[in-house]
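> next one to model:
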Amino acid sequence: MELRQIQYFVAVAEESHFGRAAERLNIGQPAVSQQIRRLERELGTDLFDRSRRTIQLTPVGRELLAEGKEILRAVDSFSAKARKVVARESDTFRLGISSALGRRLDYFLDALPRHGSSTRFEFQTLGVQERLDELRAGTLDAAFVRGVESVPGLTLLTLWYDPLLVALPAAHPLAAKPDLNLRDLAEVPLRIAERAQNEVLYDSVVQACRESGFQPVIGPPFTGLQDALAEIGAGSTGWTLMYPTAVSAVSSRRIALKRLVNFPITMRMSLALRPDSDQGWSSMLSEACSRVRRQVAEENSTILGGLH
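Numbers count the residues shown, from 1 in each chain. From the prediction side, this is the model:
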């Protein structure tokens, strides 16, 4: 039995006429008649009653028509899916990122299925609002976003969580504590980027401080993490916050890195997608995010365990 025989059978049944079915199929009528006869011989029964003026289905033909249509729908679905897979694997995937992902971006790329290796990735380093705007406009396929729980009109897949660490002078009395409560820092100036420079981080830190019962004292202007660390190491009173991935960059014995009890400031990194994204890609990206989340959790646990 051949697929074309089922196609011809369904066409004749729907047209109730061999000639019209042939026109619909864009082939000659003799070919249609010949293939239907072959199909009937293979099945051992007639599908059409040809004794009347109008071609009609036999009882067997009527029962098989629904099955024939289902087979053709399945073939159409298979073909459509195949086209999507081919297009997906040859497409360029445009990803909006921030400038400080480091090896975390490697984790994400490593977690993607190997059979999609023909996809070319194009990265655009943009501000968070630009990333979201470009994603909504369709000029990006996905975007990394940090510290937000929801974005109207977009789907967020959790990539990882980062508990923020405290950096303060090693000579400060608080440095002797194994872990800090955020409330311990109420009287110590906070070195942090202005809200206009990093709204998500600023709001997250200030809100956490307020929930701990104090309004943080904002210290001198923040010109960058390395500048703040250098000044703290040189004896300037103050504290700042760091992501676990930045711990290896702190080499000065004059700086103490401390965990906060119960991790009151934890930043979520998500992968933002449009709800109408290709389902195949969405599924693969969701699986990749799960793998990255586990890997980062293990890495952060090792980093935090190494702090004294």
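> how many neighbouring residues does D141 have?
Neighbour count for D141, taken as other C-beta atoms under 10 Å: 21. For glycine as for every other residue, the C-beta is placed from the backbone atoms N, C-alpha and C.
> list the contacts for it?
Counting by C-beta atoms under 8 Å, 6 or more residues apart in numbering, D141 touches 93-95, 135, 273, 277, 281.
> how about the strands in the stretch 1-150 of the chain?
For the stretch 1-150 of the chain, the strands defined by DSSP state E, counting those that start in this stretch cover 48-49, 56-57, 92-97, 120-125, 142-146.
> most tightly packed of those?
strand 142-146 (a mean of 23; mean count of other C-beta atoms under 10 Å).
> check which element follows that one along the chain.
Using DSSP states H and E, the helix or strand that follows strand 142-146 in sequence is strand 155-163.
> contacts for that next one?
104, 108, 144-145, 148-150, 243-245, 259-260, 263, 265-275, 277, 282, 285-286, 289, 292-293, 296-297, 300, 304.
> which of those residues are buried, as a ChimeraX select command?
Selection of buried members from these for ChimeraX, criterion 16 or more other C-beta atoms under 10 Å:
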select :104,108,144,145,148,243,244,245,259,260,263,265,267,268,269,270,271,272,273,274,277,282,285,289,292,293,296,300,304
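> okay, and which of the contacts of strand 155-163 map to helices?
104, 108, 282, 285-286, 289, 292-293, 296-297, 300, 304 (DSSP state H).
> what number of residues lie near D133?
15.
> same check, this time on the one 4 residues further on
Residues within reach of A137, counting by other C-beta under 10 Å, total 9.
> show the pLDDT at it.
Turning to A137, the model gives it a pLDDT of 89.
> what's the separation between it and L95?
Per C-beta to C-beta, to the nearest Å, A137 is found 15 Å from L95.
> next one: T237
When T237 is compared with L95 (using C-beta to C-beta), they lie 41 Å apart.
> list the contacts of D46.
40, 58, 60-61.
> just the helices from the stretch 1-150 of the chain, written as ranges.
3-15, 18-25, 29-43, 59-90, 103-111, 128-137 (DSSP state H, counting those that start in this stretch).
> just name the most buried of those.
Taking mean count of other C-beta under 10 Å, helix 3-15 is the most buried of the helices of the stretch 1-150 of the chain, at a mean of 19.
> can I get it as PDB, trimmed to CA atoms?
C-alpha atoms of helix 3-15 as PDB (Å, rounded to 0.1, in the frame of the first residue of the first chain):
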ATOM      1  CA  LEU A   3       0.500   6.800   0.600                       C
ATOM      2  CA  ARG A   4      -0.600   8.200  -2.800                       C
ATOM      3  CA  GLN A   5      -3.300   5.500  -3.000                       C
ATOM      4  CA  ILE A   6      -4.800   6.700   0.300                       C
ATOM      5  CA  GLN A   7      -4.600  10.300  -1.100                       C
ATOM      6  CA  TYR A   8      -6.400   9.300  -4.300                       C
ATOM      7  CA  PHE A   9      -9.000   7.300  -2.300                       C
ATOM      8  CA  VAL A  10      -9.800  10.300   0.000                       C
ATOM      9  CA  ALA A  11     -10.000  12.700  -3.000                       C
ATOM     10  CA  VAL A  12     -12.400  10.500  -5.000                       C
ATOM     11  CA  ALA A  13     -14.500   9.900  -1.900                       C
ATOM     12  CA  GLU A  14     -14.800  13.700  -1.300                       C
ATOM     13  CA  GLU A  15     -15.400  14.600  -4.900                       C
END
